[in-house]
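J.: How does the following fold in three dimensions:
(2 chains)
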Number of protein chains: 2
Amino acid sequence: MDTAQVEIVEVGPRDGLQNETAVLSVAEKVELIDRAVAAGVRRIEAVSFVNPRRVPQMAGAEEVMASVRRDAGVSYIGLVLNRRGLDRALAAEVDEVNVAIPATDVFCRRNQGCTAEEMLAAYDDIAKAAHAAGMPVSATISTAFGCPFEGETPPQRVADIARRAADSGAVEIAIADTIGVGVPGQVADLVERVRAVAGGAGLRCHFHNTRNTGYANALTAHEHGVTVLDSSIGGFGGCPFAPAATGNIATEDLLYMLHRSGVRTGVDMRGIAAAGTWLGSRLDKEPPALLGRAGGFPAPE
Amino acid sequence: MDTAQVEIVEVGPRDGLQNETAVLSVAEKVELIDRAVAAGVRRIEAVSFVNPRRVPQMAGAEEVMASVRRDAGVSYIGLVLNRRGLDRALAAEVDEVNVAIPATDVFCRRNQGCTAEEMLAAYDDIAKAAHAAGMPVSATISTAFGCPFEGETPPQRVADIARRAADSGAVEIAIADTIGVGVPGQVADLVERVRAVAGGAGLRCHFHNTRNTGYANALTAHEHGVTVLDSSIGGFGGCPFAPAATGNIATEDLLYMLHRSGVRTGVDMRGIAAAGTWLGSRLDKEPPALLGRAGGFPAPE
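T.: So this is what the prediction gives:
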């Protein structure tokens, strides 16, 4: 493991957009994805195969996948929550699927219409069919740091879900702070607990900056050996079914911190910052990302 | 040193206001200070004895000091940059003075009208007179992580200034990221370098969140044994003479991270968050702080 290198998973086209009032056109979503790839992103959560009646921002997944550039060496990820979603993902020829498994029941019911236990069973089912089709599956454990409805999430529950996801053949397990309540000590604890049960699965972390702890959490995850981090162009994001959930950590701001710390990502910060400014203009909102406003490290006059 | 305890130095009334277009009245400044103290703040940079023609936001320092509640056990700090400022601070009966010493020349000239070396000589002069009057003096080394005009700040220069400030009897030395460019690895390096030369002086850190690294920097400073941190109610702040310098780390968001991490501060997060929302209404600006919008950790339904 080269800890001086971090792989960015760009989640802006999915988590970044799903909570916005403005709904981007297919062409705009394609431009967002192509801009990320042009800036050097090599894994991108491009689409979500959820019911577009429930999440209208995610409509047009098939059209998006048919229109993006599909660069060789880039993995286009689709979020799926059931077998129907997996079938759509296979037909659309994504490179990976990601399944969200909430750690808390009330959030799971509101977000996914079933209990966490039922979602784990659904994950098993999705994973079996995906493996049969040769499609890699990762699992994202949402509300791992706290739940908008239940408060504290018992860390043992996160570890239990991680173990079962690993047993079902997840190639990667992500620990997600869906509502941005986590703090660095909690990150260190959960990363160690999940690593202990993850078997051969890789680890990924997913942070929101809702209470300004997201970048400190990302740093701590990296210090604890996590080399794959989710982030969102412009820092947009949120969850339609979690009140007050706000933006993911912004890719451009994460890149600033990592690059200035000597950590390589292969992603061009200025290209991402420009995409963040562009996305803000499309959504008619100032990006939560700060780099586009502040600029990078100042050059000498 | 109890690392499970952090002392917050509230700098909102000074660094938080000095770059705002709206100029608060004396009564509003007094309310801001009294609200911070009511929430449990025990050290507060209340006023600045700079020339009000150069920084109009800081006018009325004497009136502010004459009107605040002056709770026993609370240290009211005045910023001074020259002997004239010290004389005003002594007359206004502040409890401590803080002197800003930039680490880079171009910034020092624009901000303070002299070279960094000349400012160090001025510091010597201020410190001698302050000691004679029994007034504690701390030194804040500004642009320690980078300069808007010169780019990189050589860390050795920061250490040299710290050594000289310590030799001149600073009770405390602060390392300040005036323009919010620092990253955690740099924090660790500078804290160790400054500690090595600080003698008996205490260490304090001062971060801006201009590029979303401020909270990670604060965490790293604390991990490296720094138990005194500057922060600003609402996360307002900046510097009139540093282009694109934006807010200090917000006191309420710092408290969220620290308290959820088991670190005590003695300061009430909700009281500070309410003061941040109030200050935003006075300045007619949404606070950069996120806690006032997001709320604290969710209670179970």
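J.: buried residues in the helix or strand A:Ala162 falls within?
T.: Per DSSP states H and E: A:Ala162 is located in helix A:155-167. Residues of helix A:155-167 classed as buried: A:Pro155, A:Arg157, A:Val158, A:Ala159, A:Asp160, A:Ile161, A:Ala162, A:Arg163, A:Arg164, A:Ala165, A:Ala166 (neighbour count, 16 or more other Cβ atoms under 10 Å in any protein chain shown). For the C-beta atoms, the positions are set from N, CA and C on the backbone; glycine is no exception.
J.: filter the residues you listed down to the ones near chain B?
T.: Near chain B, judged by Cβ under 8 Å from any Cβ of the partner chain, there are no entries from those.
J.: between those, which is nearest B:Gly237?
T.: Nearest to B:Gly237 among the buried residues of helix A:155-167, counting by Cβ to Cβ, is A:Pro155 at 35.8 Å.
J.: ok so, going back, residues in contact with the helix holding A:Ala162: which ones?
T.: Contact with helix A:155-167 is made by A:101, A:103-104, A:116, A:120, A:123-124, A:139, A:141, A:144, A:173, A:175, A:186, A:189-190, A:193-194, A:196-201, as judged by Cβ atoms under 8 Å, 6 or more residues apart in numbering or on different chains.
J.: chain center to the lengthiest helix in chain A, what's the gap?
T.: Longest helix of chain A, by residue count under DSSP state H: helix A:116-132. For helix A:116-132, the separation from the chain centroid amounts to 19 Å (computed by Cα atoms, centre = their mean, to the nearest Å).
J.: again, but for stretch A:133-143
T.: With Cα atoms, centre = their mean, you get 11 Å for stretch A:133-143.
J.: rewinding a little: cross-reference the contacts of helix A:155-167 with the strands and report the matches.
T.: Here DSSP state E is the test, and these give A:Ile101, A:Ala139, A:Ile141, A:Ile173, A:Ile175 as lying in strands.
J.: what sits against the fourth one?
T.: By Cβ under 8 Å, 6+ apart, the contact set of A:Ile173 is A:138-141, A:162, A:165-166, A:194, A:198, A:201-204.
J.: Nearest to chain B among these?
T.: A:Ile141 (17.9 Å; Cβ to the nearest Cβ).
J.: so what's the closest one bridging to?
T.: A:Ile101, A:Ile175 (DSSP bridges).
J.: So what's the residue count around it?
T.: For A:Ile141, the neighbour count with other Cβ atoms under 10 Å in any protein chain shown is 27.
J.: what about the helix or strand where A:Gly78 lies, average pLDDT?
T.: Assigned by DSSP H and E, A:Gly78 belongs to strand A:75-80. Strand A:75-80 comes out with an average pLDDT of 98.
J.: between it and helix A:116-132, what angle do the directions make?
T.: Calculated by axes from the mean of the first three to the mean of the last three Cα atoms, to 10 degrees, strand A:75-80 forms an angle of 140 degrees with helix A:116-132.
J.: Downstream of strand A:75-80, the next helix or strand is which one?
T.: With DSSP H and E, the next secondary element past strand A:75-80 is helix A:83-91.
J.: and that next one, what does it pack onto?
T.: Helix A:83-91 sits against helix A:61-67, strand A:75-80, strand A:96-102, helix A:116-132, with contacts defined as 3 or more Cβ pairs under 8 Å, 6 or more residues apart in numbering or on different chains; DSSP states H and E.
J.: out of the contacts of helix A:155-167, which are buried?
T.: By 16+ other Cβ under 10 Å, these give A:101, A:103-104, A:116, A:120, A:123, A:139, A:141, A:144, A:173, A:175, A:186, A:190, A:193-194, A:197-198, A:201 as buried.
J.: I figured A:Thr251 hits A:Gly12, correct?
T.: Yes. Contact status for A:Thr251 versus A:Gly12: in contact at 7.0 Å, counting by Cβ atoms under 8 Å.
J.: what touches both of those two?
T.: What both A:Thr251 and A:Gly12 touch, as defined by Cβ under 8 Å, 6+ apart, is the set A:Ala36, A:Ser232, A:Ile233, A:Gly234.
J.: ok now stretch A:25-44, how far from the chain's centre?
T.: Distance, centroid of stretch A:25-44 to centroid of chain: 15 Å (Cα atoms, centre = their mean).
J.: try stretch A:55-62
T.: Going by Cα atoms, centre = their mean, where stretch A:55-62 is centred and where its chain is centred differ by 17 Å.
J.: what sits up against it?
T.: A:14, A:17-20, A:23-24, A:26, A:29, A:47-50, A:52, A:78, A:88, A:91-92, A:240.
J.: cool, and stretch A:13-29?
T.: A:32-33, A:36, A:44-48, A:55-60, A:63-64, A:67, A:79, A:206, A:230, A:232-234, A:236-240, A:245, A:247-248, A:279, A:282-285.
J.: What is the end-to-end distance of that stretch?
T.: 7 Å (Cα to Cα, to the nearest Å).
J.: And that stretch, what's buried?
T.: Buried residues in stretch A:13-29 (16+ other Cβ under 10 Å): A:Pro13, A:Arg14, A:Asp15, A:Gly16, A:Leu17, A:Gln18, A:Asn19, A:Glu20, A:Leu24, A:Glu28, A:Lys29.
J.: tell me which of these is nearest to chain B?
T.: A:Asn19 (13.9 Å).
J.: show me where pLDDT drops low in the stretch 201-301 of chain A?
T.: Counting by pLDDT under 70, the stretch 201-301 of chain A has low-confidence residues at A:244.
J.: that older thread, what would the buried residues of helix A:155-167 look like in CSV with pLDDT?
T.: Output for the buried residues of helix A:155-167, formatted as CSV (pLDDT from 0 to 100):
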residue, pLDDT
A:Pro155, 98
A:Arg157, 97
A:Val158, 98
A:Ala159, 98
A:Asp160, 97
A:Ile161, 97
A:Ala162, 98
A:Arg163, 98
A:Arg164, 97
A:Ala165, 96
A:Ala166, 96
